[in-house]
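**Q** Pasting the sequence and the predicted coordinates here, then a few questions.
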Amino acid sequence: MERLSYMIDEAVQRKDWVPVSVCRGGPKISHMFFADDIILVAKTRTKCANSIKSILDQFCSASGLKISLNKSKVFYAPKTRTEIQQEMTCILAIGSTRHLGKYLGVNVLHSRNTCANYRELVDKVQNRLSSWKAKNLNLAARATLIQSVTSALPTYAMHTNWIPNKVCNHLDKLNRAFLWGSNEGARKVHLVGWDKVIRDKAHGGLGIRESRRANIAMLAKTGWHERLVTWRLPPQGLQAMMSEELEFTNST
């Protein structure tokens with residue numbers, strides 16, 4: 001895969017492959033690798049399509065790997081003309097799609113960052129909590145399950161998206177209810193305030209992560225990694241990528 005990345009970078013340098021900016025003032029992306037999955041990003045131009053086709057053919061010939069065309073799809077910008085889409089599809093021999101699906105439970109593309117995008121995530125946490133019998137577990141066991149399981153389920157989504165406040169509050173509500181043994185039939189008394197529960201153990205809390213703070217920390221970690229390692233972005237490029245709620249100083 002490193003060789004493929006190098007070939008793509010060479011094509012970008014020759015301007016045979018024109019990458020796309022993720023946002024105004026943001027970095028330009030030509031490709032992203034996810035384990036065995038690849039996302040290629042380029043302008044809808046014949047030259048770019050020919051370059052993509054040529055590079056993939058060369059890489060497959062040299063490596064012995066083969067692309068599954070049936071599982072591959074091309075996503076076009078909404079305003080792309082039909083004749084251009086048909087021309088690109090003919091060159092690449094890959095069909096088009098209006099939705100790239102999900103990766104690790106998160107939509108690859110979405111028009112707006114709404115609560116509906118995370119309904120599946122909330123349901124997954126709720127179903128996991130419902131499968132455990134809170135009344136048969138003591139407080140320490142329930143706290144451990146929250147820390148090790150339910151707090152870990154949204155990790156990937158929190159690393160890549162600004163989770164809406166309503167969703168974060170709902171996740172915390174589910175964890176609170178399970179911690180104190182509440183269920184749909186009966187609501188138990190919360191003996192300690194949530195602000196104390198989420199404190200570090202060294203400060204008298206249980207060390208349970210608050211969803212909003214965890215989301216901010218994970219986004220900051222992802223942004224800093226991209227800033228230093230992947231793209232070596234200038235500070236203003238990093239700011240352009242992140243949510244308006246997050247403020248990053250213009251310093252290295």
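**A** Thanks, I have it.
**Q** Determine the number of other residues adjacent to the residue lying closest to residue 37 once chain neighbours are set aside.
**A** Among residues not flanking residue 37 along the chain, residue 103 sits closest, at 7.3 Å (Cβ to Cβ, 6 or more residues apart in numbering). In short, each C-beta sits where N, CA and C put it, glycine included. The burial count assigned to residue 103 is 14, neighbours taken as other Cβ atoms under 10 Å.
**Q** From residue 156, how far off is residue 103?
**A** Look at residue 103 and residue 156: by Cβ to Cβ, to the nearest Å, they are 8 Å apart.
**Q** excluding its backbone neighbours, what's nearest the most centrally placed residue in the chain?
**A** The centroid of the chain falls nearest to residue 160 when counting by Cα atoms, centre = their mean (3.5 Å). Leaving out its chain neighbours, the residue that sits closest to residue 160 by Cβ to Cβ, 6+ apart is residue 106, at 6.3 Å.
**Q** The one you found contacts residue 163, correct?
**A** No: in this structure residue 106 lies outside contact range of residue 163 using Cβ atoms under 8 Å: 10.4 Å.
**Q** which residues does the residue nearest to residue 160 bridge with?
**A** Assessed by DSSP bridges, residue 106 has beta-bridge partners residue 103.
**Q** Quick check: phi and psi at the residue nearest to the centre of the chain.
**A** phi -120, psi -10 (degrees, to the nearest 10).
**Q** And residue 25, by the same measure?
**A** Dihedral angles for residue 25 - degrees, to the nearest 10 - are phi 80, psi 0.
**Q** What is the neighbour count of it?
**A** 12.
**Q** swap in residue 176?
**A** Neighbours around residue 176, by other Cβ under 10 Å: 16.
**Q** any idea how far it lies from residue 116?
**A** 23 Å.
**Q** again, but for residue 41
**A** 25 Å.
**Q** who's more crowded, those two?
**A** Set side by side, residue 41 and residue 116 show more neighbours around residue 41, with 18 against 12, by other Cβ under 10 Å.
**Q** got the contact list for the residue nearest to residue 160?
**A** 117, 121, 156-157, 160-161 (Cβ atoms under 8 Å, 6 or more residues apart in numbering).
**Q** okay, among the residues you listed, which ones form the most distant pair?
**A** Farthest pair in those (Cβ to Cβ) is 117 and 156. Separation: 13.3 Å.
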